[in-house]
Structure formats: structure tokens, C-alpha cells
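Participant: My questions concern the predicted model and sequence given below.
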Amino acid sequence: MRKVASQCELSLGTIYNYYTTKVDIIFDIIEDLWNECFGEIDKIYNSKEGFFKQTEFLYFHTLQYLNKFENNWIKDLNILTSNDKEKAKERECELVQKFTQILKHLIEINKNDLNIEVFNKFSEDKILEFISYEFFIMLKRLDNDYSFFDYTLKKILL
């Protein structure tokens, strides 16, 4: 806490007025990072690109933020208590839901360009579940190779 106060050129008391623990600061910083990420995602909705380009943008945009998180904050998560980890897990689920909603929206606005037979055979929810699952598995691995995912999506949806 002293180091944070010093680097922010604030008194230690001021820091404690806003943050009781280091964990509170870490959560707030992580929250800001994700809010910034989601704020910039709006660009994909303004894009005239189709589903595949928009999904690729979403993937690499998110990967960039995950790399930032990995490089700067992952070591600080070692100090989390089991209650803090539970709270972090709940927040992660909320973030996954938010990304899933974005992917759902991308499917909805681009559905006319996709193979309707796939949507007749499988529900939109089933297709979304598949895409989301693979999307998040790749992100968890911090995978920079998007080509197989893109190829597979095109084979399924075109």
C-alpha cells in the first residue's frame, strides 16, 4: 500500500480512504482494464466488415487485453484469499457472459450472410455455445494462431 501511495504521489491515508486492502486495488485496476476493453469493442459494431472479420477483431482485441493482464497483474493474484478467488470467479463468469452476448449480437446482425441451413439444423444457442467455447479456450491459452478457428467457422457457417 505504501508503494502504491508513493507511486501515485498520494498519502497512505488517502489510499486507505478508498481501498482497505491491496486486493481491492487489484480488483479495481482489473475492472478498469476490462471496462476499457469493452469500451473499445464498440468499434466492431461500426465496422462494415462481416461476421468473420468482426469476430477476428473481437478475438485479437480481447487477446491484447489478456496479454496486458497476464504481463502486469497475474503475479498479484497469488495473494488472493479463497473468498477473493470466489469473487474473481464470479466476475469472470460475468465477463464471459458479456462476450457471449457480443458474439450473439454479431451472429444476429450478420445472419443473412451465413448459411441458413446450419441454423435450421441447429439452434442459434447451440451454434453460439460452440463458437463461445472455442473462442474462450483459445483466449485462455493466449493463442495467437487464429487461422484454424477462422477456417472452421467459415466451413460451418458459410
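Facilitator: Happy to help now that I have it.
Participant: alpha carbons only for contacts and neighbour counts from here, please
Facilitator: Noted.
Participant: for the longest helix seen in the chain, packing partners?
Facilitator: What stands out as the longest helix in the chain, according to DSSP state H, is helix 82-110. Counting contacts by 3 or more CA pairs under 8 Å, 6 or more residues apart in numbering; DSSP states H and E, helix 82-110 is packed against helix 51-72, helix 124-140.
Participant: Could you list the low-pLDDT ranges of the chain?
Facilitator: 45-46, 72-77 (pLDDT under 70).
Participant: Just give me the residue right at the centre of it.
Facilitator: residue 62 (5.2 Å; CA atoms, centre = their mean).
Participant: wait, what's in contact with the residue lying closest to that residue once chain neighbours are set aside?
Facilitator: Spatial nearest neighbour of residue 62, chain neighbours left out: residue 37 (6.9 Å); criterion: CA to CA, 6 or more residues apart in numbering. Neighbouring residues of residue 37 by CA atoms under 8 Å, 6 or more residues apart in numbering: 61, 62, 65.
Participant: Identify, from these, the entry nearest to residue 30.
Facilitator: residue 65 (10.2 Å; CA to CA).
Participant: which residues does that closest one contact?
Facilitator: Contacts of residue 65 by CA under 8 Å, 6+ apart are 33, 34, 37.
Participant: Same question for residue 13.
Facilitator: Contacts of residue 13 by CA under 8 Å, 6+ apart: none found.
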